[in-house]
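Visitor: Okay, sequence plus prediction incoming.
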Amino acid sequence: MKLSVIIPVLNEAEKIRDDITALADYLTENKIAGEIIVSDDGSTDNTTQITRETSVSADIQLIVFTENDHQGKGNAVRKGILQSKGEVVLFMDSGNTVTLTAISKGIEIMQNDNYQMVLGSRHLPGSIISIPLAFHRRMVSVLFKMFVKLLFPSMWGFSDTQCGFKIYNGDLARQLYGESKFNGFLFDIEILKKAKKQNVSIQEMPIEWTCDRDSRLTFLPTIWEVIRDSWKLKFK
């Protein structure tokens, strides 16, 4: 089995070397062949340079894609997934927010139980939150979850649509993202809606998660983006 891991980044120069090194070591130690794809969404720091200078073992391929301008996390994830070659595809956030043992656990669930998608969730009974979101971000998260489920009833079956840790069958991932349109915050909802329409088998799993307080999320632009894209996703 070959695993493609996509890490979308924006100005993550202080974290990306540690992300890559920890991930490459985990894959090597667990004898998982694969590639790490860092998809840079228009960073203005030296994220790309540091990525290219980071050493990994010979059995891990390290690839970096860059955008000249900031397009949105959805675009970065899409670009990485469409270039992937793995039988299994994972996208995960920068900052080592999810304990890497979730990779083996998710792959095992896919293989043993024949699921096509496995979604990390911070809100299942077995989930462990080492460092939680700041209070104001927790409130925004709760409101967003209510808003999404009211507007998109098909999302009621998911406890955590926005967790940055999702594993897919590789061919399915490339098909879904090849048809996707949204570059911003709602790209996860778009992909899940498409998957539900195709009756894709999906399983959530608990994860151990640590909040990265150095977030690139900006609230006022994000709120406007969510309202705009929700209208498009619901009615267009």
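Guide: Here it is on my side, so go on.
Visitor: give me phi/psi at V9?
Guide: phi -140, psi 150 (degrees, to the nearest 10).
Visitor: Buried ones in the strand or helix carrying M139, by neighbour count?
Guide: Here M139, judged by DSSP states H and E, is contained in helix 135-151. Neighbour-count burial for helix 135-151, with 16 or more other C-beta atoms under 10 Å as criterion, is recorded at V140, F144, K145, V148. (Each C-beta comes from the backbone N, C-alpha and C, glycine too.)
Visitor: How about stretch 106-120?
Guide: Applying 16+ other C-beta under 10 Å to stretch 106-120 flags G106, I107, I109, M110, Y115, Q116, M117, V118, L119, G120 as buried.
Visitor: ok, and what's touching it?
Guide: 1, 3, 32, 88, 90, 98, 102, 158, 160, 163-169, 172, 195, 200-205, 207, 209 (C-beta atoms under 8 Å, 6 or more residues apart in numbering).
Visitor: From the contact counts, what lies against the lowest-mean-pLDDT helix or strand in the chain?
Guide: Across the helices and strands of the chain, mean pLDDT, DSSP states H and E gives its lowest value to helix 219-235, namely a mean of 77. Counting contacts by 3 or more C-beta pairs under 8 Å, 6 or more residues apart in numbering; DSSP states H and E, helix 219-235 packs against helix 135-151, helix 187-197.
Visitor: then the shortest one to PDB, C-alphas only?
Guide: The C-alpha coordinates for helix 187-197 follow below in PDB (Å, rounded to 0.1, in the frame of the first residue of the first chain):
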ATOM      1  CA  PHE A 187     -14.600  22.800   1.000                       C
ATOM      2  CA  ASP A 188     -15.100  20.000   3.600                       C
ATOM      3  CA  ILE A 189     -18.900  20.400   3.500                       C
ATOM      4  CA  GLU A 190     -18.800  20.300  -0.300                       C
ATOM      5  CA  ILE A 191     -16.800  17.100  -0.400                       C
ATOM      6  CA  LEU A 192     -19.000  15.400   2.300                       C
ATOM      7  CA  LYS A 193     -22.200  16.400   0.400                       C
ATOM      8  CA  LYS A 194     -20.800  14.800  -2.800                       C
ATOM      9  CA  ALA A 195     -19.800  11.700  -0.900                       C
ATOM     10  CA  LYS A 196     -23.200  11.300   0.600                       C
ATOM     11  CA  LYS A 197     -24.900  11.700  -2.800                       C
END
